[in-house]
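>>> Quick one: sequence and predicted model below, then my questions.
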Amino acid sequence: MQDERFPGHPLLPYLLILPSVAVIVVFLIVPFAQSVWGSFFVTSPFGTKTIYVGLRNYLELFQSSDYLKSVIVTVYFSAFVVVIGLGASLAIALLLNQKIQGVGFYQIALIWTYALSPAVAGTIWALLFAPATGLVPYLVGRIIPGYTLNWMTNGSLALLVVSAAATWKMLGYNIVFFLAGLQNIPEELLDAARVDGAGPWLTFRHITFPLLSPTTTFLLFMNMLYAFFQVFGLIDIMTQGGPGDATNLLVYNLYRDAFIHLQSGRADAQSVIIFVIIAVAATFQLRAATKKAAYAR
């Protein structure tokens, strides 16, 4: 039985989706399969010799204190980007959703950060926090006489600054989606809550935030992807994983092993581990989003 939507052209739907499927296969599935296969081998620096080692690359990673430290650093970094970033973005979006004069200017001014590349964002923050010439250390020195803010020698402070820079970079993206979600909430529900005597906090807690759950779930996943995969340029510009590996995130550790230490098998194993982490988190969030969507309806 032919599809009534395409009479006389039963193959047309498949031809229309073929380019998208081809891109996914060529640029996602094939490279991932190559990474999985390569993770079972050890290759010489110039690729002249390859030896099958089974799970040795994975075992060495989980036995490496440096790699485990990179995992912990990534967890702290991701938690900061997701929790602080989404919280700040939602608060700003709520303010921008108010009927205030010049709201259009404020929206544009706060959204533009997402247009910057991670490398440019890293350069801006590196210049602002430069110990000798940066504006922030200068202001801190004026407020606290005798104190020098040097995040390049303080691992905890460096991680905090890098996390703040990454959060700032993603701020505009989050605000756009939160604003769209807020503007799609039926005004009748908010008016009914006000008539029943609910204040701003109760209205937000029982109406606004539950109806934002699909948007929040989506942004939670996107910010996690960003924190795991899309901050390489920012880290490379600002700290290059230092000081003392304090900002050596998983994606930067992978880069080091692949392109500096020339350990391709070890790097492939790390990419597979990161993929598994993201896949598990995505599955959990998809189930949570489904439940929330059913509740919203």
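Cool, got the structure.
>>> gap between the two ends of stretch 18-37?
26 Å (CA to CA, to the nearest Å).
>>> buried ones in it?
Ser35 (16 or more other CB atoms under 10 Å). For every residue, glycine as well, the C-beta is placed using N, CA and C.
>>> Likewise for stretch 272-286?
272-274, 277, 281.
>>> I'd like the residues you listed as TSV, with pLDDT appended.
As requested, the buried residues of stretch 272-286 are arranged in TSV below (pLDDT from 0 to 100):
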residue	pLDDT
Val272	93
Ile273	92
Ile274	91
Ile277	87
Ala281	81
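>>> Let me know the closest of these to Val162.
Nearest to Val162 out of those is Ile274 (CB to CB; 18.4 Å).
>>> For this protein, which segments count as strands?
41-43, 50-52 (DSSP state E).
>>> Of those, which is nearest Tyr114?
strand 41-43 (38.0 Å).
>>> For that closest one, which strands pair with it and how are they oriented?
With DSSP bridges as the test, strand 41-43 is paired with strand 50-52 (antiparallel).
>>> re earlier: could the strands of the chain be laid out in CSV, adding mean neighbour count and mean pLDDT?
Shown next, in CSV, are these (neighbours: other CB atoms under 10 Å; pLDDT from 0 to 100):
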stretch, mean neighbour count, mean pLDDT
strand 41-43, 17, 89
strand 50-52, 11, 88
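>>> how about those strands, which one is nearest Ala132?
It's strand 41-43; of the strands of the chain, that one is closest to Ala132 (CB to CB) at 42.7 Å.
>>> follow-up on the earlier one: I'd like the strands of the chain as JSON lines, with distance to Gly233 appended.
Formatted as JSON lines, the strands of the chain follow (distance: least, CB to CB, whole Å):
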{"stretch": "strand 41-43", "distance to Gly233": "26"}
{"stretch": "strand 50-52", "distance to Gly233": "31"}
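>>> Ok, which of those comes nearest Gly122?
Comparing the strands of the chain by CB to CB, strand 41-43 comes nearest, at 31.0 Å.
>>> Contacts for that closest one, please.
49-53, 56-57, 263-265 (CB atoms under 8 Å, 6 or more residues apart in numbering).
>>> Find the residue ranges of this protein scoring beneath the pLDDT cut-off.
1-9, 289-297 (pLDDT under 70).
>>> if we go to 50?
1-2, 294-297 (pLDDT under 50).
>>> Render the CA-only coordinates of stretch 178-194 in CSV, please.
The C-alpha trace of stretch 178-194 is given here as CSV (Å, rounded to 0.1, in the frame of the first residue of the first chain):
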residue,chain,number,x,y,z
PHE,A,178,13.9,30.5,29.4
LEU,A,179,12.4,33.7,28.0
ALA,A,180,10.7,31.7,25.3
GLY,A,181,9.3,29.3,27.9
LEU,A,182,8.1,32.1,30.2
GLN,A,183,6.3,33.9,27.3
ASN,A,184,4.5,30.6,26.5
ILE,A,185,3.0,30.3,29.9
PRO,A,186,-0.8,31.1,29.7
GLU,A,187,-1.5,34.4,31.3
GLU,A,188,-4.8,33.1,32.6
LEU,A,189,-3.0,30.7,35.0
LEU,A,190,-0.9,33.5,36.5
ASP,A,191,-4.0,35.8,36.8
ALA,A,192,-5.9,33.0,38.5
ALA,A,193,-3.1,32.5,41.0
ARG,A,194,-3.1,36.2,41.8
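>>> Alright, I will stop here.
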